[in-house]
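Student: Turn this into a model:
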Amino acid sequence: MSVELGYYTLSVADLDRAAAFYGALFGWQFRREHETYLHVTNTAVPMGLVARGPSSQPNLYYHVTDIDAAVERVRELGGGTGEMYDSKSGRGCTCTDDQGTEISLWQPAPGFE
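Tutor: Sure, this is the predicted structure:
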């Protein structure tokens, strides 16, 4: 049986700040479901933002085509970045948004896309 990511949320302190950050970083669009939840309307894997305060969560990798540009964009938007790392499967970087929520960015190596 194949297991795929079916839905996930990012816990954030402020929904509107998170929507501005991730909308600018990834181009995500949102629909407000209720006062503590925003659904992302333009991703292949269903997801959303929930207002619970930043928290640790499973490490999810967001596929980007240009890791250097994405890391720079995180910094421009007020987020933080760790050290870039290289692995057999590609290049990655653990980052935080402008509220401290951890995310990981990943640019696949050829053959890992």
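Student: looking at the protein, which helix or strand is least sure?
Tutor: Within the chain, no helix or strand scores below strand 61-63, which has a mean of 84 by mean pLDDT, DSSP states H and E.
Student: tell me what it is packed against?
Tutor: When contacts are defined as 3 or more Cβ pairs under 8 Å, 6 or more residues apart in numbering; DSSP states H and E, strand 61-63 packs onto strand 102-108. Every residue, glycine included, has its C-beta placed from N, CA and C.
Student: what's the average pLDDT for the strand it packs on?
Tutor: On average, the pLDDT along strand 102-108 is 87.
Student: which residues sit against it?
Tutor: Identification of contacts with strand 102-108 by Cβ atoms under 8 Å, 6 or more residues apart in numbering yields 10, 54, 56-57, 59-67, 70-71, 74, 89-97.
Student: what about 6 Å?
Tutor: Strand 102-108 is contacted from outside by 59, 61-64, 67, 70, 90-96, using Cβ atoms under 6 Å, 6 or more residues apart in numbering.
Student: What is the lowest-pLDDT residue among those residues?
Tutor: Of all these, Asn59 carries the smallest pLDDT score, 61.
Student: quick one on the thing from earlier: quick one: whichever helix or strand comes after the least confident helix or strand of the chain to strand 102-108, angle?
Tutor: The helix or strand immediately downstream of strand 61-63 is helix 67-76, counting by DSSP states H and E. Angle of helix 67-76 versus strand 102-108, following axes from the mean of the first three to the mean of the last three Cα atoms, to 10 degrees, is 160 degrees.
Student: Just the buried residues of helix 67-76, please?
Tutor: Buried residues in helix 67-76, counted by 16 or more other Cβ atoms under 10 Å: 67, 70-71, 73-74.
Student: out of those, who's nearest Gly23?
Tutor: Arg73 (11.9 Å; Cβ to Cβ).
Student: Let me see the confidence value for the closest one.
Tutor: 96.
Student: who touches it in this structure?
Tutor: Going by Cβ under 6 Å, 6+ apart, Arg73 touches Leu25.
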